[in-house]
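Undergrad: My questions are about this predicted structure, shown below with the sequence.
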Amino acid sequence: MKPERLGVGAVIGENVTIGKGVSIWNLAYVGRDTRLGDNVMIGSLSHVDYNVQIGDNTRVEGSVYIPPLTRIGKNVFIGPAAVMTNDLYPMGKKMVGVTIEDGAIICGGCVIKAGVRVGKNSVVAMGAVVTRDVPPETVVMGVPARVAYTRKEYDAKKLKWESS
């Protein structure tokens with residue numbers, strides 16, 4: 001299936017599975033053997049490498065790097081310039097992707113180490129450097145990233161901010 005919207009200069013590799021309502025914006029790249037679920041958005045200048053899976057209703061903002069073998073769940077948000085890695089010992093011969101579970105929020109400018117699992121409904125704060133697994137329903141921030149509070153507290157802070 002072709003994407004609903006394909007930006008200028010976007011490149012789609014061989015054997016890519018594209019769900020309904022997918023948008024791939026300007027100068028984005030989607031590598032071979034990748035699967036994009038329904039209603040996925042890939043922002044301009046983003047690089048989704050080969051053999052990546054992205055679940056339904058996930059939004060990848062601009063200038064994001066998603067390495068090979070990464071698995072991203074449904075209803076995930078990945079902010080601008082977030083970077084995931086897949087090589088624990090560069091230039092190694094063994095690669096492992098990042099796993100981001102359903103409902104997670106990955107804020108802009110963060111870096112996530114190869115092999116890390118970001119738990120369901122968790123939040124990685126902007127600029128965080130994630131070197132360990134993130135438990136479900138938690139917010140991590142800092143360098144290196146540490147648990148700051150719960151997702152419930154995050155949602156309350158967000159609601160208070162939006163209503164002020």
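TA: Structure's in. What do you need? Numbering: from 1, shown residues only.
Undergrad: Run a quick neighbour tally on Val8.
TA: A count of neighbours around Val8, defined by other Cβ atoms under 10 Å, yields 8. In this view, the C-beta of every residue, glycine as well, is placed from N, C-alpha and C.
Undergrad: and what of Glu4?
TA: Other residues within reach of Glu4, judged by other Cβ under 10 Å, total 14.
Undergrad: Not counting sequence-adjacent ones, nearest residue to it?
TA: Gly21 (5.2 Å; Cβ to Cβ, 6 or more residues apart in numbering).
Undergrad: try Val98
TA: In space, Val98 is closest to Met84, 4.3 Å off (Cβ to Cβ, 6+ apart).
Undergrad: okay, which residue is most central for the chain?
TA: Ile78 (4.4 Å; Cα atoms, centre = their mean).
Undergrad: hmm, back to that, check the gap between the residue nearest to Glu4 and Arg5 for me.
TA: 9 Å (Cβ to Cβ, to the nearest Å).
Undergrad: same thing with Thr150?
TA: Separation of Thr150 from Arg5 (Cβ to Cβ): 36 Å.
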